[in-house]
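A.B. asks: From the sequence below, what's the structure:
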Amino acid sequence: MTTSAIRAVENSEAFTIYLDNLEEPYSLRHDEHFPAFDGPGYEEVIEFDEPEEWDEVEFVFDGCPDGYVIVVFRLKGRPVLCLLYGPGGFVAHFGSISEARNAVRAQVESKPSSGSYGSKV
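C.D. replies: Residues are numbered from 1 along each chain as shown. Now for the predicted structure:
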C-alpha cells in the first residue's frame, strides 16, 4: 500500500471526494435516499494507506444512519478498503462494509445527544 491523500467535502448539496488517482471528483448528491444531515458540513484531508490495486470507488450509505457514508475501494468487485465518514468527518477505516456498518451503529448508539461537528465548509 502507498500513502495517499483524500479530500472529503460534505455540504448541503453533496458528499464529494477528491483523490489523485481519480480523473475528476466523485460526488454523491443529497436526495431523499441520501439526506443531508443537520450540521454545518466539513472539508478535510486525511492521509491513508491506499490499496496497491483497486479498480472502482463506490459510496455505500444504505444500512448507515443519516450523515454517514462508506467510501469503498474495490478490486474486481470485492472491497479492499472502506473509509467511514460521519457528520464530523473521517471516522475510521475497515476491511469490509459490514465492519464499517457495525462500527457506525455502535458509535451512534453510544454517542451523547449533543454531538459535535467538524469545521464548516
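
A.B. asks: show me where the chain has helices.
C.D. replies: Using DSSP state H, the helices of the chain run over residues 97-110.

A.B. asks: ok, residues contacting stretch 7-27?
C.D. replies: 4-6, 28-30, 34, 36, 41-46, 50, 57, 59, 69, 71, 85, 87, 89-90, 121 (Cβ atoms under 8 Å, 6 or more residues apart in numbering). In this view, the C-beta of every residue, glycine as well, is placed from N, C-alpha and C.

A.B. asks: so what's the one residue sitting closest to the centre of the chain bridging to?
C.D. replies: Nearest residue to the geometric centre of the chain (Cα atoms, centre = their mean): residue 85, 3.5 Å. Beta-bridge pairing of residue 85 under DSSP bridges involves residue 69, residue 90.

A.B. asks: Quick check: the gap between it and residue 77.
C.D. replies: According to Cβ to Cβ, to the nearest Å, residue 85 stands 22 Å off from residue 77.

A.B. asks: do the same with residue 58
C.D. replies: For residue 58 relative to residue 77 (Cβ to Cβ), the value is 10 Å.
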